[in-house]
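[1] what follows is a protein structure lacking sequence information:
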């Protein structure tokens, strides 16, 4: 049982590491956010389809109600990705990623409504710790500031991501994580197709390697592992543990683009890591 928990926890943290690469890639791919998301989804969809066929993962959806849930959750995923990339482009990697990570608080508050589960006060406390960690990084509030605009986009992105997770949580026991991500990326690819007609695609050739990395490592592998982890953890537990993602993202930004965090960023990161550590121990005891 202990080895199984450690394996599932390691898979969740690995998923978080892969997904955290979206911060640097989303900030520095020189294309409109909607176009980036279309290519991200289209490439990931093709990769996931090939993977599911190779692994003989069943792609059949059993009923119409499930189809509707998949479509709605995919639309929230599309909104999350697009607004998150706006947040990254308006601010910086640290602020963009950390504003998104109000979503553990939102998930903890919404989970009882979506899944009819009992409200756990400890999730609210831990989510609040994450929120305090994020607030430490927030600059002085000024609506004229691009950083503040980026944070507001990040908050809306967080709400969309929380709703998407809670909708998918109802189906993860019945479907493979890669199959769920295949349907998500397929819907997003179809819905965002018009952006190819109306938006600038001139940077595609030079940005292709980064788009491919975003699609395969961040999306197909990272998000599939994250969805798979929902089989073994509650939505609140999974989101709180994955709050280490901004810390990974900031470290990657330091290494790749020399974006050095200030003292507030370090203290906020310490608080977030502490929250992740507490939830890791707590989830082990209750699993």
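    Thanks, I have the structure now. Keep in mind the model is a prediction, meaning the values are calculated, not measured.

[2] distance of the closest residue to residue 120 other than its chain neighbours relative to residue 127?
    Among residues not flanking residue 120 along the chain, residue 236 sits closest, at 6.8 Å (Cβ to Cβ, 6 or more residues apart in numbering). C-beta coordinates here come from the backbone N, C-alpha and C atoms, glycine included. Per Cβ to Cβ, to the nearest Å, residue 236 is found 8 Å from residue 127.

[3] overlap in contacts of these two?
    104, 107-108 (Cβ atoms under 8 Å, 6 or more residues apart in numbering).

[4] now the residue nearest to residue 120. Its backbone dihedrals?
    phi -60, psi -50 (degrees, to the nearest 10).

[5] how many neighbours does it have?
    If you count neighbours by other Cβ atoms under 10 Å, residue 236 ends up with 31.

[6] then the one 10 residues further on?
    Here the number of neighbours of residue 246 (other Cβ under 10 Å) works out to 29.

[7] quick one: contacts for it?
    20, 23, 94, 97-98, 100-101, 269, 272.

[8] again, 7 Å this time
    By Cβ atoms under 7 Å, 6 or more residues apart in numbering, the residues touching residue 246 are 97-98, 101, 272.

[9] please flag which of those sit within helices.
    Under the assignment DSSP state H, those contribute 97-98, 272 to helices.

[10] most neighbours among those residues, please name it.
    residue 98 (32 neighbours).

[11] any idea of the pLDDT on that one?
    Residue 98 is assigned 79 on the pLDDT scale.

[12] right, and it touches residue 134 too?
    Yes: judged on Cβ atoms under 7 Å, residue 98 makes contact with residue 134 at a distance of 4.8 Å.

[13] joint contacts of the two?
    Each of residue 268 lies in contact with both residue 98 and residue 134 under the rule Cβ under 7 Å, 6+ apart.

[14] quick one: low-confidence parts of the chain?
    1-2, 64, 137-142, 172, 280, 283-287 (pLDDT under 70).

[15] which residues in the stretch 151-287 of the chain form helices?
    Counting by DSSP state H, counting those that start in this stretch, one finds helices in the stretch 151-287 of the chain at the ranges 177-191, 195-198, 204-213, 224-229, 235-241, 245-257, 263-286.

[16] from residue 216, how far out is the nearest residue to residue 12 once chain neighbours are set aside?
    In space, and not counting its chain neighbours, residue 12 is closest to residue 229: 4.1 Å by Cβ to Cβ, 6+ apart. According to Cβ to Cβ, residue 229 stands 19 Å off from residue 216.

[17] these two - which one has more neighbours?
    More crowded of residue 229 and residue 216, by other Cβ under 10 Å: residue 229, with 24 against 18.

[18] longest helix anywhere in this protein?
    The chain, longest helix under DSSP H: helix 64-90.

[19] for it, packing partners?
    helix 22-28, helix 33-54, helix 93-100, helix 146-169, helix 177-191 (3 or more Cβ pairs under 7 Å, 6 or more residues apart in numbering; DSSP states H and E).

[20] flag every buried residue along it.
    By 16 or more other Cβ atoms under 10 Å, the buried positions in helix 64-90 come out as 69-70, 73-90.

[21] likewise stretch 48-67?
    Neighbour-count burial for stretch 48-67, with 16+ other Cβ under 10 Å as criterion, is recorded at 48-49, 51-52, 57, 61.

[22] before we move on, what about stretch 25-42?
    Neighbour-count burial for stretch 25-42, counted by 16+ other Cβ under 10 Å, picks out 25-29, 31-42.

[23] between the two ends of that stretch, how far is it?
    End-to-end distance for stretch 25-42: 16 Å, by Cα to Cα, to the nearest Å.

[24] hmm, who's touching that stretch?
    The contact list for stretch 25-42, computed with Cβ under 7 Å, 6+ apart, reads 78, 81-82, 84-86, 88-89, 93, 96, 185, 188-189, 192-193, 195-196, 199-201, 203, 207, 210-211, 213-215, 218-219, 257.
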